[in-house]
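Student: Output the structure for:
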Amino acid sequence: MNTTLEQVDLSISGMTCGACAMKVEKSLNSLDGVSATVNFATETARVTLHDDVTTEQLVAQVEKAGYGARLVADTTPEMLDKETNERVAMLRARLTVSLVAGVPVTALSMIPALHFAGWQWWALALSLPVAVWGAAPFHRAAWMNARHRATTMDTLISIGIIAAMGWSVWALVWGNAAEDHGGMNMTSSEIDHIYMEVAVAVTIFLLAGRYFEARAKRRAGDALRSLLALGARSATVVRGGEEVLIDASAVKVGDLIVVRPGEIIAADGVVREGSSSVDVSMLTGESVPVDVTVGANVTGTTVNLTGRLVVQATRIGADSTFAQMARLVRDAQATKAPVQKLADRVSSVFVPSVIAIAIVTFGGWWWLDGDLSQAFTASVAVLIIACPCALGLATPTALMVGSGRAAQMGIVIKGADVLQGTRRIDTVVFDKTGTVTTGAMQLVDVVCHEGTSRTEVLAAAGALEHASEHPVAKAIASAARSELGTLASVTAFENLPGMGAVGVVGGASVMVGNELLMRRKLVLIPKQMSEAIESARASGNIAVLVAVNGTVKGVCVVADRPKANSAAAIAALRDLGLRPILLTGDSRATALAVAEQVGIESDEQHVIAGVLPEEKVRVVADLQQRGYAVAMVGDGVNDAAALAQANVGIAMGTGTDVAMNASDLTIVSGDLRLVPDAILLSRATLRTISANVFWAFIYNAAAIPLAAFGLLNPMWAGLAMALSSVFVVTNSLRLRTTRLTPQTAFVHATR
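Tutor: So this is what the prediction gives:
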């Protein structure tokens, strides 16, 4: 028996709810040698199969279940964009037309003062396009499910709309509903009431929910698209002794790539010529660039800052670090379990039960009473009372109110699936740079040698560093300009990668750099200055020596400082019973210094330093495997995969598009104090959705027997359904007054 396994990803089209995903998954798993997991949120299937099962068989099996499928590898971003945009446009058109036609129908039906002779026929003319064309996606899905002997919420929606419209047409054509009675006749045997507003309302509410869901799904692929947009588009390679500009995808292993200052390195490789500083923040998230010389390894998509480099490509395409990072984001998103809404889980039993009850009701009344009108009235009452208007409102209304409240607070929530993950959150993992800290270097101290003033050290260092593009140099120059005003001009400036810079300021020779530079220039370092450097580095800071005319005058200490609100945010999370963890690619000394300042324990369980992007994902996954529910807070490209892997990903709005697209929540202002409020509001919204769905089902469970026994005619059924919808809306509106944590209430009070 052949036991060789292969893993493929399929893109699934045509799914409308979690029940559809379950059906596709069951269909795929029915094939011998296949193990499949279908994710409704990303509309993909991860399939593990024996090599004697072909991908053509997988696609055929999905199509047999009534859905479309193709290999993700054969699916381009342009194809996905086109399909998604077409679906969004289709839903928007149907929703717009339904609103335009449906609002008059509702007004005419619910407000007696608007009644005029023959208004019922006008209502019918306006409601038919809504119930037929507007609700076509639900009817189509219900028919497809019926062909495969399955039921979903689409089945119940379609039956409810058809029942309401069918009753109305029956009452108008064969009953006496076309007559204006001037009041409500509650005799259940008289067919004089129409329920076109029921069909219209259900269609509009459900179309609105599908439309906003489709828009959210359109953003689901933005994380990968934003990540891919960071890669180099072209590369200059040496071919036949000449420099040739080619497409970055055409670079081969062994090619010599010429990278000038400001250009993106097109592939992983080794430096063969030149020296420079390279911005690796895309990879590590750290703001300090790395100095590279001949023999150093560099990573594709990082940015060359200063000198000219010649890099020999060693890893390209799918083997590159950049491609692996993109794969991490895709895999993390694909393995996140989809939320199965309660309505979809119950619909497999609820829908056929309602249909059976309606049929039994009709047959029972006809057999026992012999009154066809009474039998039809009672059975239609069952279908109308079971119509999922409240169920359709349960999630989108709470989401609308919760999202609006969040927007006022500066928080963006992506969808209902996000909220499920907040229920059990007990651990919050923070990226350091740009999240807990400002992400920008600042001068925090100047240690002066005996007989030298701060002004003298800053004037020399600031003037020289003003000519450099290095982040540490920029921090020193900025502080000097702020304190002293105008800086002197520099001549004979020379940047020495890995050491520092030298130049002439006001006729004096000035050097700013590390100990290696001083030794190279034969400058003695006083003991006091050596101790200042060691003290600064022990605190996780960066220290550079400043020498004038061959004599060390002082030490400039530079650091990425914590944000002013980070400590308050950590304290608020602790009050909620959550455990904070600091996760960074920076050194442990720096991480410990920051952790101490913001109130995070300094042990190895709470401070995890020196990790690369793939290790961040592993840290989050390891915490999850140990039973923790993890929220990840980050802002950089290097955090994207970890954000996607976490139960809840929270991105800073001041960070990269990739991080925001891979996250579940976005803090627009980047204020960490909004993180606890985001968790509180998400939990409150989820509780509201759960309560709405619960009471909607309870309402059905209590009202259906009344309708079946003839105690609730369609008029009262419609009224009861309307009241259930009012309850759902009112309950959702309570989210507007969600309480904030005491530590963060001031943030919103001052907005």
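
Student: For the closest residue in space to residue 14 that isn't next to it in sequence, which residues are in contact?
Tutor: Closest residue to residue 14 apart from its sequence neighbours, by CB to CB, 6 or more residues apart in numbering: residue 67 at 4.1 Å. (Each C-beta comes from the backbone N, C-alpha and C, glycine too.) Counting by CB atoms under 8 Å, 6 or more residues apart in numbering, residue 67 touches 12-15, 20, 24.

Student: Same question for residue 543.
Tutor: Residues counted as contacts of residue 543 (CB under 8 Å, 6+ apart) are 532-533, 536-537, 555-558.

Student: Over to residue 243?
Tutor: So residue 243 contacts 236-237, 258 (CB under 8 Å, 6+ apart).

Student: What subset of the residues you listed is buried?
Tutor: Neighbour counting with 16 or more other CB atoms under 10 Å marks 236-237, 258 as buried within the contacts of residue 243.

Student: Residue 729: which of these is nearest?
Tutor: Residue 729 has its nearest neighbour among these in residue 236, at 61.1 Å by CB to CB.

Student: for the residue lying closest to the closest one once chain neighbours are set aside, what are its contacts?
Tutor: Once flanking residues are discounted, residue 236 sits nearest to residue 258: 4.4 Å by CB to CB, 6+ apart. Residues near residue 258 by CB under 8 Å, 6+ apart: 236-238, 243, 308-310.

Student: distance of the residue nearest to residue 14 from residue 582?
Tutor: 44 Å (CB to CB, to the nearest Å).

Student: for residue 431, same thing?
Tutor: Distance, residue 431 to residue 582, by CB to CB: 8 Å.

Student: Equivalent analysis for residue 359, please.
Tutor: From residue 359 across to residue 582, the span is 62 Å (CB to CB).

Student: Of these two, which one has the most company?
Tutor: Per other CB atoms under 10 Å, whichever of residue 359 and residue 582 has more neighbours is residue 582, with 24 against 12.

Student: Tell me who's in contact with that one.
Tutor: Residues counted as contacts of residue 582 (CB under 8 Å, 6+ apart) are 430, 432, 436, 591, 594-595, 598, 600, 606-609.

Student: Apply 10 Å and report the result again.
Tutor: Residues near residue 582 by CB atoms under 10 Å, 6 or more residues apart in numbering: 429-432, 435-436, 570, 591-592, 594-595, 598, 600-602, 606-609.

Student: Where helices are concerned, which of the residues you listed count?
Tutor: Judged by DSSP state H, the contacts of residue 582 include 570, 591-592, 594-595, 598 as members of helices.

Student: between those residues, which is closest to residue 510?
Tutor: Using CB to CB, the ones in helices among the contacts of residue 582 come closest to residue 510 at residue 594, 31.4 Å.

Student: now the helices: where do they sit in the stretch 201-350 of the chain?
Tutor: All helices of the stretch 201-350 of the chain, identified by DSSP state H, counting those that start in this stretch, fall at 222-229, 281-284, 321-334, 342-369.

Student: Strands along the stretch 301-450 of the chain, start to end?
Tutor: For the stretch 301-450 of the chain, applying DSSP state E, counting those that start in this stretch gives strands covering 303-304, 309-315, 411-413, 427-431, 442-448.

Student: rank those by mean pLDDT and give me the bottom one.
Tutor: Between these, the lowest average pLDDT goes to strand 411-413, which shows a mean of 70.

Student: rewinding a little: across the sheet, point out what pairs with the residue nearest to residue 236.
Tutor: residue 236, residue 310 (DSSP bridges).

Student: Over to the one 10 residues further on?
Tutor: On the basis of DSSP bridges, residue 268 takes part in beta bridges with residue 315.

Student: what's the spacing between it and residue 259?
Tutor: Taking CB to CB as the measure, residue 268 falls 13 Å from residue 259.

Student: higher neighbour count, these two?
Tutor: Legend: neighbour count by other CB under 10 Å for residue 268 and residue 259, higher for residue 259 (26 against 23).

Student: so what's that one up against?
Tutor: Neighbouring residues of residue 259 by CB under 10 Å, 6+ apart: 232, 235-236, 265-266, 269, 271, 274, 276, 278, 298, 302-304, 307-311.

Student: Before I go, just wanted to say thanks for your time.
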